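heads up, no residue letters with this:
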Ligand SMILES: CC(=O)N[C@H]1[C@@H](OP(=O)(O)OP(=O)(O)OC[C@H]2O[C@@H](n3ccc(=O)[nH]c3=O)[C@H](O)[C@@H]2O)O[C@H](CO)[C@@H](O)[C@@H]1O[C@H](C)C(=O)N[C@@H](C)C(=O)N[C@H](CCC(=O)O)C(=O)O
Ligand SMILES: Nc1ncnc2c1ncn2[C@@H]1O[C@H](COP(=O)(O)OP(=O)(O)OP(=O)(O)O)[C@@H](O)[C@H]1O
Ligand SMILES: N[C@H](CCC[C@H](N)C(=O)O)C(=O)O
Ligand SMILES: [Mg+2]
């Protein structure tokens, strides 16, 4: 059991620590979850100010509170300048520095984090490691999945999850590290061993405002990596074909391993061959060469495989293990996932929700399709509006017919989002606007002929649609399947 002062001993910023030193049996950032003997952190959020729940936490039996202002409570209050920062440090102390007990591999970048993290886990498991995974779709300890709200959780639930991983004998944890998480300090106190960069293109400018600030946020993963001198191996794995890597190299004290297709790099893909059946390339590394066979398609998949191979080489995995594991990967849910209901044309569900990812996926389809390409695309509400016209422009440029529809409108008017998309295209372009996503999918399915391709972009693995405050059941894969079957029956 911990005492309050065990947890405050590493708080170096301006603080006032009370004389009392109660026992702390649990820690909480949500007043509704506070237990007797717990420590409650008052966090100023985007929606509410956690300080207003201090009295509720006291009523529920909290032993102490961490806050940024004086409170009207009779339990001890630790006053700090920044309770989010204090929470990251104290959560790490409360759970006994869990990330020092296993290898931690962090993956950042605009696109490819979820895919690359799955590839890394597959390779590490082939190497008989006990893995943990934290990312957009779920968290996983071995095969046990749990739901998650954020791609990278807030520091307190994150350290708690790390602690559970350590108790479950996880020896390697692979996590997606979002730019929001880096900027908001959610991974402060996490001891990364290998840090991977996929790529940097436009997204999240609603939050970061400028590409420079967005890049700086991503760079924090590399500056937080530390160095190898304390005996632990640390490596930054950087994409040599992305200009941002030069900046990250400067921000990083650890050894750097680069990967690429175009630029000369430590880990290089040569003789890349992409076909609808899969991808092959020669993986050239400082440890030797191997012929790689992947069932994933597209040039972007080669980058994800290189990033994963780089991370695993940094983690000491052998080349044969990497080759074998990559040959077994069948795909990641909602990423270029085919829907097959016996139709004579292809339907692909993909999580492309940025201009760059949409362009990559459509380019890949263009290289392969024999018939027409239909793309169904929308843009999320309460998110970066500047990508809307760009995504629409890309959709019409690489398809024969684009259908603009709703993604997750959240608290925005779907019509307004669609108007912003349409502002990026010209009247002569071949597009249709159908706000209802179900109808948009049906529209494409009704029109597709043999050998055509329908790309349903943006929601990938998501099984819901957020409209206003309502979270409705919605799964692009199921909707497509239903539409194919209904329309087939109607045609018979
Ligand atoms: C903008 C943002 O990052 N918001 C995050 C933030 O929410 P918030 O600031 O609105 O929290 P709040 O509701 O104001 O609450 C403030 C505090 O009061 C507490 N509270 C609240 C109510 C109550 O009754 N009692 C109580 O104690 C809350 O627990 C909290 O500690 O803190 C929450 C808890 O950690 C996060 O789940 C939430 O992420 C939301 C869901 C979100 O959408 N975030 C996105 C922008 C995000 O972070 N995305 C990235 C991935 C992006 C990508 O790369 O694709 C991610 O890592 O997920
Ligand atoms: N290396 C890559 N470069 C560009 N686009 C990619 C790359 N890898 C995947 N994509 C595209 O981006 C989409 C999202 O991929 P993935 O989920 O792996 O990225 P992510 O970085 O985890 O995204 P998020 O930030 O939403 O968590 C894929 O469906 C695909 O269209
Ligand atoms: N992690 C991303 C996911 C976007 C997925 C897309 N379907 C949307 O809702 O915009 C975000 O929260 O911005
Ligand atoms: Mg992800």
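Here it is on my side, so go on. The model shown is predicted, which means the values in this text are computed figures rather than measured ones. Numbers count the residues shown, from 1 in each chain. Ligands and ions are numbered 1, 2, ... in the order given.

Show me what from the stretch 101-250 of the chain comes close to ligand 2.
Counting by C-beta under 6 Å from any ligand atom, the residues of the stretch 101-250 of the chain close to ligand 2 are 111-115, 136, 151, 176, 198-199. For glycine as for every other residue, the C-beta is placed from the backbone atoms N, C-alpha and C.

Sitting in strands, which of those do you find?
When DSSP state E is applied, those are split such that residue 176 fall in strands.

Drop anything exposed from the residues of the stretch 101-250 of the chain next to ligand 2.
Taking 16 or more other C-beta atoms under 10 Å as the criterion, what is buried in these is 111-115, 136, 151, 176, 198-199.

between these, which is nearest ligand 1?
For these, the closest approach to ligand 1 (C-beta to the nearest ligand atom) belongs to residue 151, at 3.6 Å.

dump the residue contacts of that closest one.
Residue 151 makes contacts with 113, 135-136, 176, 178, 181, as judged by C-beta atoms under 8 Å, 6 or more residues apart in numbering.

The same query, at a cut-off of 7 Å, please.
135-136, 176, 178 (C-beta atoms under 7 Å, 6 or more residues apart in numbering).

quick one: it from ligand 4, how far?
Note on residue 151: its distance to ligand 4, by C-beta to the ion, to the nearest Å, is 5 Å.

same deal with residue 62?
34 Å.

Near ligand 3, which residues of the chain are found?
Applying C-beta under 6 Å from any ligand atom, we find that the chain lies next to ligand 3 at 151, 353, 380, 383, 407-408, 458-459, 462.

Show me how far the worst-scoring helix or strand of the chain on mean pLDDT is from its chain's centre.
Least confident helix or strand of the chain, by mean pLDDT, DSSP states H and E, is strand 15-16 with a mean of 74. Relative to the chain's own centre, strand 15-16 is displaced by 36 Å; criterion: C-alpha atoms, centre = their mean, to the nearest Å.

so what strands line up beside it?
Paired neighbours of strand 15-16 in the sheet (DSSP bridges): strand 77-80 (antiparallel).

Quick one: list the elements packing against the helix or strand following the partner strand.
Going down the chain from strand 77-80, the next helix or strand is helix 83-94, by DSSP states H and E. In terms of contacts (3 or more C-beta pairs under 7 Å, 6 or more residues apart in numbering; DSSP states H and E), helix 83-94 is packed against helix 4-8, strand 64-67, helix 155-167.

again, only using 8 Å
Secondary-structure packing of helix 83-94 (3 or more C-beta pairs under 8 Å, 6 or more residues apart in numbering; DSSP states H and E): helix 4-8, strand 26-28, strand 38-41, strand 64-67, helix 155-167.

If you count neighbours, what's buried in the longest one?
For helix 155-167, a neighbour-count test (16+ other C-beta under 10 Å) marks 155-166 as buried.

quick check: angle from that helix to helix 83-94?
Orientation check (axes from the mean of the first three to the mean of the last three C-alpha atoms, to 10 degrees): helix 155-167 against helix 83-94 gives 20 degrees.

what about helix 155-167, near ligand 1?
No: Helix 155-167 lies apart from ligand 1 when judged by C-beta under 6 Å from any ligand atom; the minimum separation is 7.4 Å.

contacting residues around that helix?
Identification of contacts with helix 155-167 by C-beta under 8 Å, 6+ apart yields 27-29, 41, 84, 87-88, 91-92, 94-96, 98-99, 101-102, 132, 134, 139, 141, 152-153, 173, 185-190.

Put the buried members of these into a ChimeraX selection.
Typed into ChimeraX, the line below selects the buried ones among those, using 16+ other C-beta under 10 Å:
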select :27,28,29,41,84,87,88,91,92,94,95,98,99,101,102,132,134,139,141,152,153,173,185,186,187,188,189,190
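
roughly how far out does the helix or strand following the least confident helix or strand of the chain sit from the chain middle?
Next helix or strand after strand 15-16 toward the C-terminus (DSSP H and E): strand 23-24. On the basis of C-alpha atoms, centre = their mean, strand 23-24 sits 35 Å off its chain's mean C-alpha point.

Quick one: residues contacting the closest residue to ligand 3 within the chain.
Taking C-beta to the nearest ligand atom, ligand 3 has its nearest neighbour within the chain at residue 380, 2.0 Å off. Residue 380 makes contact with 353, 407-410, 458 under the criterion C-beta under 8 Å, 6+ apart.

Now with 6 Å, please.
By C-beta atoms under 6 Å, 6 or more residues apart in numbering, the contact set of residue 380 is 407-408.

filter the residues of the stretch 101-250 of the chain next to ligand 2 down to the ones near ligand 1?
By C-beta under 6 Å from any ligand atom, the members of those lying near ligand 1 are residue 151.

Among the residues of the stretch 101-250 of the chain next to ligand 2, which lie within helices?
Judged by DSSP state H, these include 113-115 as members of helices.

Can you give me the domain assignment for the protein?
The chain breaks down into these domains under automatic domain parsing: 2-94, 98-328, 337-491.

what does the protein have sitting close to ligand 4?
113-114, 136, 176 (C-beta under 5 Å from the ion).

For residue 53, what are phi and psi?
Per-residue torsions, residue 53: phi -100, psi 10 (degrees, to the nearest 10).

Kindly state the pLDDT recorded for it?
At residue 53, the model reports a pLDDT of 98.

Quickly note the distance from it to ligand 1.
Per C-beta to the nearest ligand atom, to the nearest Å, residue 53 is found 4 Å from ligand 1.

Pretty sure that residue sits against residue 31.
Yes: counting by C-beta atoms under 6 Å, residue 31 is a contact partner of residue 53 at 3.5 Å.

per-residue confidence averaged over stretch 135-152?
Summarised as a single mean, pLDDT over stretch 135-152 is 97.

Start at 36, not 1
Sure, I'll start numbering at 36, so the last one becomes stretch 170-187.

now do the same end-to-end measure for that stretch.
6 Å (C-alpha to C-alpha, to the nearest Å).

Then stretch 194-213?
16 Å.

Repeat that for stretch 229-243.
OK, stretch 229-243 end separation, C-alpha to C-alpha: 25 Å.

repeat for stretch 271-282
Criterion C-alpha to C-alpha; first-to-last residue distance in stretch 271-282 is 12 Å.

which residue ranges form the helices in the stretch 236-385 of the chain?
For the stretch 236-385 of the chain, applying DSSP state H, counting those that start in this stretch gives helices covering 240-243, 246-258, 279-285, 334-349, 354-363.
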